[in-house]
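Visitor: fold the following, please.
(one chain, ligands or ions: 2)
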Amino acid sequence: MARAPRAGYLRRFTLTERLVHWTHASAFFALLATGLVLYVPSLSTWINRRNTVKNVHLLTAIAWAAALVLVVVLGNRRALRRTWREIETIDADDRRWLRGRRTPQGRLNAGQKVNAILTAAFGLLFALSGVLLWLGERDTRFRLDGTVVVHDALMYVSLVLLTGHLYLAVIHPQTRHALRGMTAGDVREDWAAAHHAKWVEQERATR
Ligand code: HEM
Ligand code: HEM
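Guide: Ligands and ions are numbered 1, 2, ... in the order given. Here you go, the predicted model:
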């Protein structure tokens, strides 16, 4: 049973959801750092261990996939299914929000839903293009034109998304309280009511 949140606070993310987030985020940073060393020739020359860095990149990719499977298998799959259903449901308020109107939002706003869908899709595309790069070195049938361009393009777009994400999560005064939800698991009810009114309404209705 999940611990009840403190008075004045709402439970925002279960432990499993937070573990999925931080597992994905830490693997992403390690893949980004090692990938950049492989990508930028001056970094490769400076570090002078391209092969080792490449092995670390590949081992991190394997650890990333294994850790995510482990968290999903051992964790609270009901919570993950519920969150995924929420993410893929883009309702009329969300569509208006995406067109710039400040409509009331659910537990995740429309921008966060789009970010989560892109993050999942990019994870799959990174893995697919990465496996093709690895196979292509061993068997010419897997050496497809453009695989490395796809892998690199994903990195560029991910960097843009990540910059916006980090700004909202740790710098922007109105949104950075969310970091508490992704660490401790709960957020202040008044903050939630200002940013995620439909979610707070639902939570109050089920009390
Ligand atoms: C399952 C996930 C992934 C796998 C299996 C994978 C695999 C690979 C492989 C096999 C290479 C080729 C190494 C070489 O011979 O130069 C590579 C390169 C690279 N990877 Fe990944 N990777 C993954 C995820 C990522 C992620 C998440 C990022 C960045 C956020 C990334 C960034 C890069 C970059 C920048 C390169 C250099 C490409 C170039 O030389 O132009 N990779 N990756
Ligand atoms: C130190 C790095 C990071 C911090 C501090 C951070 C912080 C957060 C926070 C606070 C939330 C919850 C937002 C809310 O409750 O309103 C969140 C959600 C999320 N994070 Fe991160 N994050 C980090 C890295 C990453 C990385 C590397 C990725 C993916 C590559 C990522 C993907 C997501 C996604 C998909 C969500 C759910 C949708 C959203 O809120 O946009 N995060 N993150």
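Visitor: what's the following helix or strand after the least confident helix or strand in the chain by mean pLDDT?
Guide: Each helix and strand of the chain was given a mean pLDDT (mean pLDDT, DSSP states H and E); the minimum falls on helix 41-47 at a mean of 90. Once the chain leaves helix 41-47, the next helix or strand it forms, by DSSP states H and E, is helix 50-74.
Visitor: how about that following helix and ligand 2, touching?
Guide: No: where contact is defined by Cβ under 6 Å from any ligand atom, no part of helix 50-74 touches ligand 2; the two come within 10.7 Å at best. Bear in mind the C-beta positions are built from the backbone N, C-alpha and C, glycine included.
Visitor: now do that helix: which elements does it pack against?
Guide: Contacts defined by 3 or more Cβ pairs under 8 Å, 6 or more residues apart in numbering; DSSP states H and E place helix 50-74 against helix 15-39, helix 41-47, helix 110-138.
Visitor: what do you get if the cut-off is 6 Å, keeping everything else the same?
Guide: Helices and strands in packing contact with helix 50-74 are listed as helix 15-39; criterion 3 or more Cβ pairs under 6 Å, 6 or more residues apart in numbering; DSSP states H and E.
Visitor: give me the most central residue, this protein.
Guide: Nearest to the centroid of the C-alpha atoms of the chain, with distances taken as Cα atoms, centre = their mean, sits residue 119, at 5.1 Å.
Visitor: circling back: the least confident helix or strand of the chain and ligand 1, are they touching?
Guide: No: figure legend: helix 41-47 not in contact with ligand 1 (Cβ under 6 Å from any ligand atom); closest approach 8.9 Å.
Visitor: so what pLDDT did the residue of the chain most remote from its centre get?
Guide: Computed with Cα atoms, centre = their mean, the maximum C-alpha offset from the centroid of the chain is found at residue 140, amounting to 33.1 Å. Listed pLDDT for residue 140 reads 95.
Visitor: now the closest residue to residue 196 other than its chain neighbours: phi and psi?
Guide: Once flanking residues are discounted, residue 196 sits nearest to residue 105: 5.3 Å by Cβ to Cβ, 6 or more residues apart in numbering. The phi and psi values for residue 105, taken as degrees, to the nearest 10, are phi -120, psi 160.
Visitor: low-confidence ranges, this protein, go.
Guide: Judged by pLDDT under 70, the chain has its weakly predicted residues at 1-3.
Visitor: residues in it within reach of ligand 2, list them.
Guide: Counting by Cβ under 6 Å from any ligand atom, the residues of the chain near ligand 2 are 12, 21, 24-25, 28, 108, 112, 115-116, 119, 162, 165-166, 169-170, 178-179, 181-182.
Visitor: mark which of those are buried, thanks.
Guide: 12, 21, 24, 28, 108, 112, 115-116, 119, 162, 165, 178, 181-182 (16 or more other Cβ atoms under 10 Å).
Visitor: follow-up on the earlier one: contacts for the least confident helix or strand of the chain?
Guide: Around helix 41-47, the neighbours that count as contacts under Cβ atoms under 6 Å, 6 or more residues apart in numbering are 37, 50.
Visitor: and it, what's buried?
Guide: residue 44.
Visitor: and that helix, how far out from the chain middle?
Guide: The gap between where helix 41-47 is centred and where its chain is centred comes out at 29 Å by Cα atoms, centre = their mean, to the nearest Å.
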